[in-house]
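Asks: A structural model of the following input is requested.
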Amino acid sequence: MKIIEDLKILLGDTIQKNEQTGSQLRAWLPMLAKGQQELLLAAEKMEEALDLLRDAQEILQEPAVRLTAEDIDRIAGNSAAFMTGVPQTHYHCSEAFTIAVGEHFFGEIPNRVRRMTSGFAGGVGGTQQEICGALSGGILIIGALFGRARASESDERIYSISALYRKNFIDAFGSSICQEIRELGGYGSKAQYPCSVCVEKSVHVFFQTLMGLEG
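Replies: The predicted structure is shown next:
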């Protein structure tokens, strides 16, 4: 895949440049005046980042392996499992989606991030009047993968992928609104299917969206 080869080149160049910068910072350390610990911390952080980049470089030397249908089924099943149990002990739609899919990409999800997803549950605050929590959770993950950290960065890619996931989600469920999805699909605690079924299906829609992206 061309994108993998491009990434290998980028990582190699980045490691080389940062190694040079790190060496230059270290050379300055003996001459620093008291109170300039920031440069020492910068050098240490750069060394930590270089270790991560080297690990990534090693992984990229291995053959690229795409997610299988079984992998996606497992992640989708995890999202549904997070929603089982009595109401007081299960995760809501936005939480379950974000944790299950987020753990695939990022490992353990910090409590702060888990809390940030809670208000999106049940069509925002349980009102059922806004977008489904599984749609919100997907957009949060897309943001973590492709979003901006600085205002100077382009927003074109994050807009494009978020809009595509929304379109695919609506195609699959008939709407993006919680209450409408419940009515159309028969989802809900007292309906034909629990909302966990909707969330599990939405995970498949999410990965189909990402895997359909070009390069």
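Asks: give me the nearest residue to the residue nearest to the spatial centre of the chain, chain neighbours excluded.
Replies: Ranked by distance to the mean C-alpha position of the chain (Cα atoms, centre = their mean), the top residue is Ile141 at 3.0 Å. Once flanking residues are discounted, Ile141 sits nearest to Val101: 5.2 Å by Cβ to Cβ, 6 or more residues apart in numbering. (C-beta placed from N, C-alpha, C; glycine too.)
Asks: show me what the helix or strand hosting Glu47 is packed up against.
Replies: Assigned by DSSP states H and E, Glu47 belongs to helix 37-60. If contacts are counted by 3 or more Cβ pairs under 8 Å, 6 or more residues apart in numbering; DSSP states H and E, helix 37-60 sits against helix 2-28.
Asks: before we move on, back to that, would you mark the buried spots in the helix holding Glu47?
Replies: Ala43, Met46, Leu50, Leu53 (16 or more other Cβ atoms under 10 Å).
Asks: export the helix or strand following it as PDB, just CAs?
Replies: From helix 37-60 onward toward the C-terminus, using DSSP H and E, the following helix or strand is helix 69-81. The C-alpha atoms that make up helix 69-81 are tabulated as PDB, following Å, rounded to 0.1, in the frame of the first residue of the first chain:
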ATOM      1  CA  ALA A  69     -14.800  -9.200   9.700                       C
ATOM      2  CA  GLU A  70     -14.100 -11.200  12.800                       C
ATOM      3  CA  ASP A  71     -12.200  -8.300  14.300                       C
ATOM      4  CA  ILE A  72     -15.000  -6.000  13.700                       C
ATOM      5  CA  ASP A  73     -17.600  -8.500  15.000                       C
ATOM      6  CA  ARG A  74     -15.500  -8.700  18.200                       C
ATOM      7  CA  ILE A  75     -15.300  -4.900  18.700                       C
ATOM      8  CA  ALA A  76     -19.000  -4.600  17.900                       C
ATOM      9  CA  GLY A  77     -19.800  -7.300  20.400                       C
ATOM     10  CA  ASN A  78     -17.800  -5.500  23.100                       C
ATOM     11  CA  SER A  79     -19.800  -2.400  22.500                       C
ATOM     12  CA  ALA A  80     -23.000  -4.300  23.000                       C
ATOM     13  CA  ALA A  81     -21.600  -6.100  26.100                       C
END
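Asks: now do the contacts for Ile99.
Replies: For Ile99, the contacting residues are Ser79, Phe82, Tyr91, Ile109, Arg114, Thr117, by Cβ atoms under 8 Å, 6 or more residues apart in numbering.
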